[in-house]
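Q: model this:
(one chain, ligands or ions: 1)
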Amino acid sequence: MTRKCAIVTGAARGIGLATTDLFLDRGWQVAMVDWDHEELTQAAATRSNVHAITTDISKPDEIAQMVQGTLDWAGRIDSLINNAGIAEFGSITECTYDMWRRVMSVNLDGVFLCSQACTEALKQTQGSIVNIASISGLRASTLRVAYGTSKAAVIQLTKQYAAELGEFGIRVNCVAPGPVRTKLAMAVHTQEIIDAYHDAIPLNRYGSERELAEVICFLASEQASYVTGQVVAADGGFDSTGVGLPALRRPAERA
Ligand SMILES: NC(=O)c1ccc[n+]([C@@H]2O[C@H](COP(=O)([O-])OP(=O)(O)OC[C@H]3O[C@@H](n4cnc5c(N)ncnc54)[C@H](O)[C@@H]3O)[C@@H](O)[C@H]2O)c1
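A: Below you'll find the predicted structure:
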């Protein structure tokens, strides 16, 4: 039987690379998609059953070629993992229209365009889409007017797609990661921000790329065959928690 095929965008590093590796562990083949040609080529060179396709997922023409390239290589698409994203933080007054458009074009337009381009192929396999949003799309925060809004829109896009594609047997779900020490996060997380996240997260730590990949691959798999339109926060409990927990966490120690 032909191996199942996943497209993972943003696969050159971070959560996308860990997701690629978990699919490979489970016997899938992976079309690794990224706009960073050098990092993508290096990552793909050390792996089997992968096909590297350098693509900017905000460009419709490049996406069409990427989907055709995947079909020429694997003959099928069983899951699309919309993981590629960028983070640019700034206050509302600092967020220029150029910054707003850069963030929206990758984080939101890219998800819409890749999903639309894969829909026909996913109908053939009754496949699935997993979108990667963020806790910043679930809860508002400072400096994230563009990033947080793009991720909130990805959550709604997930539900729109699930509603329309259910009748074709295509499931569409979303993972909202908490903080993970990837290049994207560490470019914008100071030590002060890291400490504040630890305080606000019941599990009291950052997540790992592999922990995120586990949730993504579960939602893409047959094991989640009756799950669609859902948002799973893989965030150590951040989203479910109210304010004031750090002070209340160890009452015995303070007594
Ligand atoms: N790391 C975190 O703390 C965190 C938290 C919440 C959500 N996320 C989300 O997880 C996803 C993965 O992020 P990560 O932390 O692994 O970051 P990362 O920077 O390590 O990886 C992102 C990858 O996406 C690629 N990429 C960016 N724009 C692209 C484009 N236009 N076309 C093709 N590829 C592109 C990058 O080259 C990179 O390889 C992102 O959507 C991000 O918003 C991350």
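Q: can you tell me what sits against the longest helix along the chain?
A: When the chain is parsed with DSSP state H, its longest helix is helix 145-165. Outside of helix 145-165, the residues within contact range by C-beta atoms under 8 Å, 6 or more residues apart in numbering are 82, 87-92, 95, 99-100, 103-104, 107-108, 111-112, 115, 119, 122, 129, 131-134, 136-138, 140-141, 170-174, 176, 228-229, 231. In this view, the C-beta of every residue, glycine as well, is placed from N, C-alpha and C.
Q: again, only using 7 Å
A: Residues outside helix 145-165 that contact it (C-beta atoms under 7 Å, 6 or more residues apart in numbering): 87-89, 92, 95, 99-100, 103-104, 107-108, 111-112, 115, 119, 129, 131, 133-134, 136-137, 140-141, 172-174, 228-229, 231.
Q: that helix close to the ligand?
A: No: Helix 145-165 does not reach the ligand (C-beta under 6 Å from any ligand atom); its nearest approach is 6.8 Å.
Q: work out the gap between that helix and the centre of the chain.
A: 12 Å (C-alpha atoms, centre = their mean, to the nearest Å).
Q: if we can go back for a sec, among the contacts of helix 145-165, which are in reach of the ligand?
A: Within the set of the contacts of helix 145-165, contact with the ligand (C-beta under 6 Å from any ligand atom) is found for 87, 134.
Q: can you give me the strands for the stretch 51-200 of the chain?
A: Taking DSSP state E, counting those that start in this stretch, the strands of the stretch 51-200 of the chain run over residues 79-82, 128-132, 171-177.
Q: out of these, deepest packed?
A: Of the strands of the stretch 51-200 of the chain, the one with the most neighbours on average (mean count of other C-beta atoms under 10 Å) is strand 79-82, at a mean of 29.
Q: quick check, that one touching the ligand?
A: No: applying C-beta under 6 Å from any ligand atom, one finds strand 79-82 separated from the ligand by no less than 7.9 Å.
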